[in-house]
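In: I would like to see how this sequence folds:
(one chain, ligands or ions: 1)
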Amino acid sequence: MGGLDDLYQDLILDHYRRKRGEGSLDNPTVAVDQNNPLCGDEIHLELNIVDGTVTEIAHTGEGCSISQASMSMMSEALVGKSLEDALEVVEHFRMVMHGSEQGDEDRLGDAIALEGVAKYPVRVKCALLGWMAAKDAIQTYQREGEEVA
Ligand code: ZN
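Out: Numbering: from 1, shown residues only. As a prediction, this is how the structure comes out:
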């Protein structure tokens, strides 16, 4: 198990140092802000959504390594997914963080490395921040879409 944990630590540090999806989109379909006052983590998340699919994800923010790595992993895991699939993956990740489901690497990608965070309740909010922002962004888009229709 020690070896596995080391591998996961490396993956978390790699995402923290080289955040996937860091930056801004020219004209995002939807943008949201979320923060975790317990730790001081902040995120600004932007999505492009085309024909019911998340085509691009960009984010800026600051905070602890768990929150920032998780945001990067979320970006990789959700890009290219339909809104329904993206929400399903977010929900799966939430259940994994609450210890209610075993992590599924096919759905989570590198975020499987965060599974161990479930053992540290104080860090769970850090890990969930980016994912809850993605859920918020998609639901905001869905609400506004319905209002237009
Ligand atoms: Zn944090």
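
In: Give the buried residues for the helix ranked longest in the chain.
Out: Scanning the chain for the helix with the most residues, using DSSP state H, yields helix 121-148. For helix 121-148, the neighbour count (16 or more other Cβ atoms under 10 Å) marks 123-138, 141 as buried. Backbone N, C-alpha and C define where each C-beta goes, glycine included.

In: And that helix, what does it pack against?
Out: strand 30-36, strand 41-50, strand 53-62, helix 65-78, helix 83-97 (3 or more Cβ pairs under 8 Å, 6 or more residues apart in numbering; DSSP states H and E).

In: so what's residue 80 up against?
Out: 53, 54, 55 (Cβ atoms under 8 Å, 6 or more residues apart in numbering).

In: which stretches of the protein aren't confidently modelled?
Out: Scanning the chain for pLDDT under 70 picks out the ranges 1-4, 146-149.

In: and it, which residues reach the ion?
Out: Contact residues, the chain versus the ion (Cβ under 5 Å from the ion): 39, 41, 63, 64, 67, 126.

In: Could you dump these into CSV and include distance to residue 47?
Out: Formatted as CSV, those follow (distance: Cβ to Cβ, whole Å):
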residue, distance to residue 47
39, 24
41, 19
63, 20
64, 23
67, 18
126, 21
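
In: Provide a PyMOL selection command restricted to the buried entries of those residues.
Out: For the buried members of the residues of the chain next to the ion, the matching PyMOL selection, counting by 16+ other Cβ under 10 Å, is:
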select buried, resi 39+41+63+64+67+126
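
In: And the residues of the chain next to the ion, which is closest to residue 32?
Out: residue 41 (14.2 Å; Cβ to Cβ).

In: The closest one touches residue 65, doesn't it?
Out: No. Contact criterion Cβ atoms under 8 Å: residue 41 and residue 65 do not qualify, at 10.2 Å.

In: sorry, back to before: which of the contacts of residue 80 are buried?
Out: Judged by 16+ other Cβ under 10 Å, buried ones among the contacts of residue 80: residue 54.

In: mind listing what's buried in stretch 15-31?
Out: Residues of stretch 15-31 classed as buried by neighbour count (16+ other Cβ under 10 Å): 15, 16, 19, 20, 21, 25, 28, 29, 30, 31.

In: For the third one, what is the enclosing helix or strand?
Out: Going back to what we said before, that points to residue 19. In the assignment (DSSP states H and E), residue 19 maps to no helix and no strand.
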